[in-house]
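Trainee: Predicted coordinates and the sequence they were generated for:
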Amino acid sequence: MRRQAVLVDFVGGDTENRSWAALKKGGILVTLAQDSSQENAQKHGITAKFNTKFPTYANLQTIAELIADGTIKAKIDSIFPLNQADKALEKSKARHGRGRILLDINSGLI
């Protein structure tokens with residue numbers, strides 16, 4: 001696995017725990033779900049930041065633009081229509097995906 005310089009964790013818990021190993025030495029972990037353990041950060045040689053603010057539309061738009069122009073690469077495993085949220089959850093719980101599992105809120109409403 002190629003170690004990353006920066007990771008943003010929106011989930012916390014086990015996801016944060018796996019993030020420690022995915023970061024290269026000197027990397028940065030930004031977590032929005034819970035306050036990161038500074039002790040763990042020091043042990044892994046990274047910087048951990050906790051952000052209690054919810055993202056604004058402008059922030060999300062900036063992130064979307066960075067993904068669109070290739071600056072940030074998002075690994076997407078699969079996209080499910082909203083009416084198949086149960087299947088998306090099953091796949092997520094099985095932990096067999098290689099990337100994010102997304103719900104498309106613009107499809108599967110009927």
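Mentor: Arrived safely, thanks for sending.
Trainee: got the residue ranges for the helices in the chain?
Mentor: Ranges of helices within the chain are 14-22, 38-44, 57-68, 85-94, based on DSSP state H.
Trainee: will you turn the ones you listed into CSV that also has distance to residue 30?
Mentor: Backbone N, C-alpha and C define where each C-beta goes, glycine included. Formatted as CSV, the helices of the chain follow (distance: least, CB to CB, whole Å):
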stretch, distance to residue 30
helix 14-22, 10
helix 38-44, 11
helix 57-68, 12
helix 85-94, 22
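Trainee: neighbouring strands for the biggest strand by length in the chain, and are they parallel or not?
Mentor: Taking DSSP state E as the criterion, the chain has its longest strand at strand 23-31. Using DSSP bridges, strand 23-31 pairs in its sheet with strand 4-9 (parallel), strand 47-50 (parallel).
Trainee: and residue 17, how many residues sit next to it?
Mentor: Neighbourhood size, residue 17 [other CB atoms under 10 Å]: 12.
Trainee: do you know how far it is from residue 59?
Mentor: Going from residue 17 to residue 59 by CB to CB, to the nearest Å gives 25 Å.
Trainee: Residue 104 too?
Mentor: As judged by CB to CB, residue 104 and residue 59 stand 22 Å apart.
Trainee: and these two? which has more neighbours close in?
Mentor: Using other CB under 10 Å, the more surrounded residue of residue 104 and residue 59 is residue 104, with 14 against 11.
Trainee: What's the mean pLDDT across the longest strand of the chain?
Mentor: Across strand 23-31, pLDDT averages out at 84.
Trainee: now stretch 100-110
Mentor: For stretch 100-110, mean pLDDT is 78.
Trainee: dump the residue contacts of residue 55.
Mentor: Shown in contact with residue 55 (CB atoms under 8 Å, 6 or more residues apart in numbering): 32, 63.
Trainee: Let me see the confidence value for it.
Mentor: On the pLDDT scale, residue 55 is placed at 70.
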